[in-house]
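[1] after the sequence you'll find the predicted model.
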Amino acid sequence: MEDSKIIELFFERSEQAIAELSYKYGGVCRKIAFNILNNLQDVEECVNDTYLGAWNSIPPQNPNPLVTYICKITRNIALKKYRYNTAKRRNGFYDISLSELEECIPSVPQDISSCTEEELTKTIEKFLDTLDRKSRVMFIKRYWYAESVKAIAGELGMAENSVSVKLLRIREKLKRHLEKEGIVL
């Protein structure tokens, strides 16, 4: 079913909207949640919460594209669950990709940072626009969707070592870009 038809079902408050959303995007939602949570029970809870989140926000939202909207809801819910699950312990699976980014974007208290979260987001988006498609996909898959280096390598037909080296170079380039833009963290 087309995304526009699914959105119409949400606006009509038809429960069929959830079924169609699940059929079309359930797999991608599960993948995102699993990449972050690495626990099937938490993944199912997260995906169900995603459907509830979509139900509660459409309408008034009329997302375009729908897939991006649903992926963002899933990611946010999964991250919230991840933070809850790891409040007193570390989960190495997702922490690895986050620690890689800390080389160029360390976690710093807001009162010490020279930029707002919005400025940082815009600067990173600007940086991503400078990358070739393959590098941008690699970066997003690793640091937004928390995919493993092995999975990225398999999807892109590359060696794991090549992906790791490429991601390292992208992070170094991001760090230089942030410094050039005057972003001091």
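    Arrived safely.
[2] in which helix or strand would I find A33?
    Here A33 sits within helix 16-37, counting by DSSP states H and E.
[3] how far does that helix sit from its chain's centre?
    14 Å (CA atoms, centre = their mean, to the nearest Å).
[4] what is it packed up against?
    helix 3-11, helix 40-57, helix 66-85, helix 92-101 (3 or more CB pairs under 8 Å, 6 or more residues apart in numbering; DSSP states H and E). For the C-beta atoms, the positions are set from N, CA and C on the backbone; glycine is no exception.
[5] what's the second one packed up against?
    Taking 3+ CB pairs under 8 Å, 6+ apart as the contact definition, the neighbouring helices and strands of helix 40-57 are helix 16-37, helix 66-85.
[6] okay if I get those helices as JSON lines plus mean neighbour count, distance to K175 and mean pLDDT?
    Below are the helices and strands packed on helix 40-57 laid out as JSON lines (neighbours: other CB atoms under 10 Å; distance: least, CB to CB, whole Å; pLDDT from 0 to 100):
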{"stretch": "helix 16-37", "mean neighbour count": "19", "distance to K175": "24", "mean pLDDT": "93"}
{"stretch": "helix 66-85", "mean neighbour count": "18", "distance to K175": "23", "mean pLDDT": "90"}
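[7] tell me the pLDDT at the residue positioned nearest the centre of the chain?
    For the chain, the residue nearest the mean C-alpha position is W144 (3.1 Å; CA atoms, centre = their mean). On the pLDDT scale, W144 is placed at 82.
[8] could you check how far it is from P65?
    16 Å (CB to CB, to the nearest Å).
[9] and if you look at Q16?
    20 Å.
[10] and what of E8?
    15 Å.
[11] these two: who's more crowded?
    E8 (14 against 9; other CB atoms under 10 Å).
[12] per-domain residue ranges of this protein.
    As recorded under automatic domain parsing, the domains making up the chain are 3-85, 94-180.
[13] which stretch in the ones you listed has the least confidence?
    When those are compared on average pLDDT, domain 94-180 comes out lowest at a mean of 79.
[14] and D132, backbone torsions?
    Dihedral pair for D132: phi -70, psi 160, per degrees, to the nearest 10.
[15] go on, E2?
    phi -70, psi 150.
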